[in-house]
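Asks: model this:
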Amino acid sequence: MLVFDGSNWHSGLPDYHLAQGQVRVAVRQWWPAVPITEMYTQKAKDWRLLWNYVWKIGPKALIRKVLARSREGLRNRRVLAVGLGTVIETRAGGPLKTGDAVIFIAPSHPPCVERVALPPEFVAKAPPELAATTGESQGVRLIRTSAGPLIERLSPLAGWSEHSGRPLPDNLGAALAETARALAVVQPTEITAHPIPGRSEVREVAGLESVTLEPGQLRGVLFGLGNHAKTVLLPNLGPSIRVARIHEVDPTQISETYRNQFIVDTSPTPRGDERYDVYFIAGFHHTHAELAAHALDCGAWAVVEKPLVTTQAELDILLRSLRRHPGRLFSGFHKRHSPLWSFARQDLATAPGEPINVNCLIYEVGLPRLHWYIWPNSRSRIVSNGCHWLDLFLFLNDFAEVVRYDLWVGGNLDVHWSVELKNGACMSGSLTDIGSRRLGTRDIVEARAGEVTVRVMNDSAYFAEDARRVLRRCRRNSIRIYENMYRKIADEIVRGEAGDSIESVERTSRLMLDLDALLQQKLPAGAWNRYTATEEP
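Replies: Got it, this is the predicted structure:
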């Protein structure tokens, strides 16, 4: 597929996946009606910020992060577009057939694309006077004028995704009718033709044709090519596992760098003929559980980023597969693998079963209005990020049973929770997005047992003391935790060692879901853009 950035066509990208119930449209005319600026977190180009991050994560990790972000320019440029085209493939049934001339609304796409795959509600047969203009051409006609009054009608649709869990807008029919009227009065002087050498073949799978393994290597697959996968997961796997294929629903995430190294595929789920030894699952949060269950039921290993689940139904699915295939899941809770928390266990010096109390203060960067972390499918920040600290508390206490929990929301929308375990351990947590975003997510975690207090700041600074003296103080590069985690997980998989226990998966997930349910109940109306997407913008 070809993607136009406003000046040049980019070739070699895979097509959008055509899901069940969708239609694929070859674009003939494209009108970028509404720019979308509130979908992704984008850092300002400021040398001071880079210098700060050198001290936080080190120069090597910073260079990797900067390179990854620099390749996301096309991804970040999003528009809601309307246009004219021809149906070239359909999995929707209904009145739309291959060859039909259509008008369409593309709710979240690059500046211009050769083809789109859309739910049929976003597509309608073009009136005869417009259908006559959708014949074959060696390019796309781009409308350069303002969409005027059409913007007000279309703006509520901007950023909608079939993956979000938001219902289909109820005014699509009226929006399509108004789009048809607006397209009919566009003047030829407002249209620019952008020729291309010839329309590319429809291909949802691109990149390498095949990947050859070294002797002894396991074959892996990755779901979700976000910034975490680019900068942390893929670089730190080591040589024992070779990722052969990457599934990523957004073609603009798949730069030439990745197309030259992997088979790339826009399907969000495995194809019927795919077989892998290890599944790395790092896509949209609500997809984690079913992909992990699929991997386990195929006899493979599943390495799953947080959160493992977003609903009770997903947890039930995952637990059923885990009970059939125990020990084959590894969760991506990186704090478990930090050397600082290994020091804490030594300095706290608790016997098995004795309680370790935890207090944590967490700052999370505020999110853009349309960011996928605040989709309904992603649930609240208790699920998307708070799960890290809940898991750490349970991990330090050997996943003792939860006996009591509570949560309340401050007038400033800070979230505060408390948890008590059967072994007597207690946790208090506070989550805010008020404050400095200079270094991204920050946290202060204190663990206490007997007369010993351990304090860990930002996964990097460690301090431990008892009633008489300082026991230990040190610093570690926080990004190295991930290197430790992925190398350790890869080595354990190769050696056939057991992964997470069923008990740990169930207790961490259930506590997270219980607190999330309380948060959903207690958030005031209209607070969707701070902690959850239960309210529409």
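Asks: measure the residue sitting furthest away from the middle of the chain to residue 452 for me?
Replies: Within the chain, the residue lying farthest from the chain centre (CA atoms, centre = their mean) is residue 468, at 46.2 Å. Distance, residue 468 to residue 452, by CB to CB, to the nearest Å: 11 Å. For glycine as for every other residue, the C-beta is placed from the backbone atoms N, C-alpha and C.
Asks: please save the CA atoms from the longest helix seen in the chain in CSV.
Replies: In the chain, taking DSSP state H as the definition, the longest helix is helix 502-522. Taking Å, rounded to 0.1, in the frame of the first residue of the first chain, the C-alpha atoms of helix 502-522 are listed here in CSV:
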residue,chain,number,x,y,z
ILE,A,502,-1.7,-19.6,38.3
GLU,A,503,-2.1,-18.1,41.8
SER,A,504,0.0,-15.0,41.0
VAL,A,505,-1.8,-14.4,37.7
GLU,A,506,-5.2,-14.7,39.4
ARG,A,507,-4.5,-12.7,42.5
THR,A,508,-2.7,-9.8,40.8
SER,A,509,-5.4,-9.6,38.1
ARG,A,510,-8.4,-9.9,40.5
LEU,A,511,-7.1,-7.2,42.8
MET,A,512,-6.6,-4.9,39.9
LEU,A,513,-10.0,-5.6,38.5
ASP,A,514,-11.7,-5.1,41.9
LEU,A,515,-10.0,-1.7,42.4
ASP,A,516,-10.8,-0.7,38.8
ALA,A,517,-14.5,-1.5,39.4
LEU,A,518,-14.5,0.8,42.4
LEU,A,519,-12.8,3.6,40.4
GLN,A,520,-15.4,3.3,37.6
GLN,A,521,-18.1,3.8,40.3
LYS,A,522,-16.5,6.7,42.1
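Asks: who touches that helix?
Replies: Helix 502-522 has contacts (CB atoms under 8 Å, 6 or more residues apart in numbering) with 307-309, 311-312, 315, 318-319, 322-323, 326, 329, 331, 333, 379-380, 382-383, 386-387, 390-391, 394-395, 399, 401-402, 405-409, 415, 417, 419, 531-532, 534.
Asks: swap in stretch 126-142?
Replies: 4, 27-32, 84-86, 100-103, 112, 114, 125, 180, 183-184, 191-199.
Asks: least trustworthy helix or strand in the protein by mean pLDDT?
Replies: Every helix and strand of the chain was ranked by mean pLDDT, DSSP states H and E. The lowest is helix 528-531, at a mean of 51.
Asks: where in the stretch 251-400 of the chain is pLDDT low?
Replies: Within the stretch 251-400 of the chain, no range satisfies pLDDT under 70.
Asks: helices of that one, start to end?
Replies: Assigned by DSSP state H, counting those that start in this stretch, the helices in the stretch 251-400 of the chain fall at 256-259, 288-297, 312-324, 339-348, 381, 387-396.
Asks: and the stretch 51-200 of the chain, by the same measure?
Replies: 59-70, 73-76, 128-131, 150-154, 172-184.
Asks: for the ones you listed, which one sits closest to residue 429?
Replies: helix 59-70 (27.3 Å; CB to CB).
Asks: tell me the bridge partners for residue 420.
Replies: residue 404, residue 426 (DSSP bridges).
Asks: ok, now how distant is it from residue 456?
Replies: Computed as CB to CB, the residue 420 to residue 456 distance reads 22 Å.
Asks: among the two, which residue is more densely surrounded?
Replies: Comparing residue 420 with residue 456 by other CB atoms under 10 Å, the one with more neighbours is residue 456, at 24 against 17.
Asks: between the helix or strand hosting that one and helix 339-348, how big is the angle?
Replies: Assigned by DSSP states H and E, residue 456 falls within strand 452-457. If you take axes from the mean of the first three to the mean of the last three CA atoms, to 10 degrees, strand 452-457 sits at 170 degrees to helix 339-348.
Asks: what helices and strands are in contact with strand 452-457?
Replies: Secondary-structure packing of strand 452-457 (3 or more CB pairs under 8 Å, 6 or more residues apart in numbering; DSSP states H and E): helix 339-348, strand 442-449, strand 461-465.
Asks: in CSV: these, plus distance to residue 253.
Replies: Output for the helices and strands packed on strand 452-457, formatted as CSV (distance: least, CB to CB, whole Å):
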stretch, distance to residue 253
helix 339-348, 32
strand 442-449, 27
strand 461-465, 34
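Asks: which stretch among these comes nearest residue 366?
Replies: Closest to residue 366 of these, according to CB to CB: strand 442-449, at 13.1 Å.
Asks: good, we can wrap up now.
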